[in-house]
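after the sequence you'll find the predicted model.
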Amino acid sequence: AIEKLLKQNTQQAFQNGERQKLGNVLLTGATGFLGIHILKEFLENEEGMIYCFMRSGKLSSLEKRLKSMLVYYFENSYDDLFGIRIFPVEGDITRADDFKLLENLPIDTVINCAANVKHFAHSEEIERINVGGVQNAIDFCKAKACQLIQISTASVAGFSIDGNPAEDIQMDETMLYFGQNLDNKYIGSKFHAERLVLQEILNGLKAKIMRVGNLMARNRDGEFQINFHTNGFINRLRAYQAIGKISYSILGASTEFAPIDSTAQAVLKLACAPKECCVFHPYNNHSIFIGDVIEVMKEKGMTIEAVEECEFEKHLSMAMRDKSKAEALAGLIAYLNMGRGKRVFPLATSNDYTMQILYRYGFKWPLTTDEYLDKFISLLTGLGFFMEDTTNV
């Protein structure tokens, strides 16, 4: 039934359908990297009120915490809009009772940015937030007849293990499960959340899934997430720097940089698409190679030599025995250990359908230029991220 539903996710459905209005929004994960940029985009391009669903902090009020994040990212507290368009409300997405406290608020759309994004977490926290929290959001939307915008990830394409499924498969917006490996806890949880949403769309829920990409520094000025050290992609870059080697095969792998400001714009535009359009891939359709990023790192004085696969594995093994490099290697080792000795290949996605919709909304992604990469790597270098021991950074 879900496969049939996804096959209806077409340009014709977009052209024949009716544009949706966001109205008043409940935003979860408002203080996160994507959430805070969605908040800003909403304030500047929409007319409704936005309720920011936030857990209580130990040191400050909800309003102070939200204002401090707005000042950090935008140098603007939007003080004049609090109590008029911005309303922080206390709650935890994992607690169904907290949603019940919102039932009398005039909410038309829920945008769920709340997630545990730790790819290699060992606790059940990932399931509690990424799956249980989504179920609570679904139940709230059904009770209120709201639209749900679920922020997912293109990583649900999963992995091919030793060629199963075929490494040339590309996941598009009409696909959910095609045999991909989903053992990674984070990816598995986002997959299961998508399945919950799609199942409820079959039962009448108005919802859209946004599989975002490699969320990176702002296109406008290179500003990156405040907790940059938790980002899986840049942690792998740091691992190559710590090893001092990278394999030729990795150099030739493609990647994309989805600037956070552009992603927030794309998500809000797509959220207004007709209700028949239920899955989108809002990530940058301009790809680059890992080698392009490594070249900029080398220009910044880092020594990273390209070698054959066997040579890379030898130096990785040597680096693993160096305790001073353990932290820098953690993310890469966890990634490589997924296959338990078998070939692990991340499966690709395509976003041709999403791009056709975005073009019709007058949106295009920026090119990932050398200037952008230089600004991004310079920022991380200035913060000491590529130092071998960043325990105290």
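Sure, I can see it.

helices and strands around the helix or strand bottoming out on mean pLDDT in the chain, which ones?
When the helices and strands of the chain are compared on mean pLDDT, DSSP states H and E, helix 326-336 comes out lowest with a mean of 79. For helix 326-336, the elements it packs on are helix 232-243, helix 309-320, judged by 3 or more Cβ pairs under 8 Å, 6 or more residues apart in numbering; DSSP states H and E. Using the backbone N, CA and C atoms, a C-beta is placed for each residue, glycine as well.

buried residues in the last one, which are they?
This points to helix 309-320. Of all the residues in helix 309-320, those buried under the rule 16 or more other Cβ atoms under 10 Å are Phe312, His315, Leu316, Ala319.

now do the helices in the stretch 201-350 of the chain.
232-243, 248-251, 260-271, 290-299, 309-320, 326-336 (DSSP state H, counting those that start in this stretch).

give me the below-cutoff pLDDT ranges for the chain.
59, 119-123, 334-335, 337-340, 388-393 (pLDDT under 70).

90 instead?
Applying pLDDT under 90 to the chain picks out residues 56-60, 117-125, 184, 220-222, 227-232, 323-328, 330-345, 383-384, 386-393.

Glu90: which of the helices of the stretch 201-350 of the chain is closest?
Among those, the nearest to Glu90 by Cβ to Cβ is helix 260-271 (24.0 Å).

what packs against that closest one?
Against helix 260-271 (3+ Cβ pairs under 8 Å, 6+ apart) you get helix 33-45, strand 109-112, strand 147-153, strand 206-212, strand 215-216, helix 352-360.

list of residues touching the shortest one?
This points to strand 215-216. The contact list for strand 215-216 (Cβ atoms under 8 Å, 6 or more residues apart in numbering) reads Phe33, Leu34, Phe224, Gln225, Phe233, Phe257, Ala258, Pro259, Ile260, Thr263, Phe376.

buried subset of the residues you listed, written for ChimeraX?
Buried residues within the contacts of strand 215-216, by 16+ other Cβ under 10 Å, are selected in ChimeraX with:
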select :33,34,224,225,257,258,259,260,263,376
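
quick one: which of the contacts of strand 215-216 is nearest Ser249?
Nearest to Ser249 among those, with distances taken as Cβ to Cβ, is Phe233, at 17.2 Å.

picking up where we left off before, using a markdown table, lay out the buried residues of helix 309-320 together with distance to Gly29.
Listed next are the buried residues of helix 309-320 as a markdown table, based on distance: Cβ to Cβ, whole Å:
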| residue | distance to Gly29 |
| --- | --- |
| Phe312 | 37 |
| His315 | 39 |
| Leu316 | 35 |
| Ala319 | 35 |
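
rewinding a little: in the least confident helix or strand of the chain, what counts as buried?
Here helix 326-336 shows Glu327, Ala328, Leu329, Gly331, Leu332, Tyr335, Leu336 as buried, counting by 16+ other Cβ under 10 Å.

isn't Glu256 right up against Leu367?
No - using Cβ atoms under 8 Å, Glu256 is not in contact with Leu367; the gap is 11.1 Å.

more neighbours, the two?
The residue with more neighbours, out of Glu256 and Leu367, is Glu256; 18 against 13, by other Cβ atoms under 10 Å.

residue contacts, the more buried one?
Here Glu256 is in contact with Gly213, Asn214, Tyr283, Asn284, Asn285, His286, Ser287, Ile288, Thr368 (criterion: Cβ under 8 Å, 6+ apart).

give the bridge partners for it, please.
Applying DSSP bridges to Glu256 yields these beta-bridge partners: Ser287.

distance check, it against Glu63.
36 Å (Cβ to Cβ, to the nearest Å).

can you give me the helices for the stretch 1-150 of the chain?
2-7, 11-16, 33-45, 62-74, 96-100, 125-127, 133-144.

could the ones you listed be laid out in JSON lines, adding distance to Met355?
Formatted as JSON lines, the helices of the stretch 1-150 of the chain follow (distance: least, Cβ to Cβ, whole Å):
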{"stretch": "helix 2-7", "distance to Met355": "18"}
{"stretch": "helix 11-16", "distance to Met355": "11"}
{"stretch": "helix 33-45", "distance to Met355": "19"}
{"stretch": "helix 62-74", "distance to Met355": "27"}
{"stretch": "helix 96-100", "distance to Met355": "34"}
{"stretch": "helix 125-127", "distance to Met355": "31"}
{"stretch": "helix 133-144", "distance to Met355": "26"}
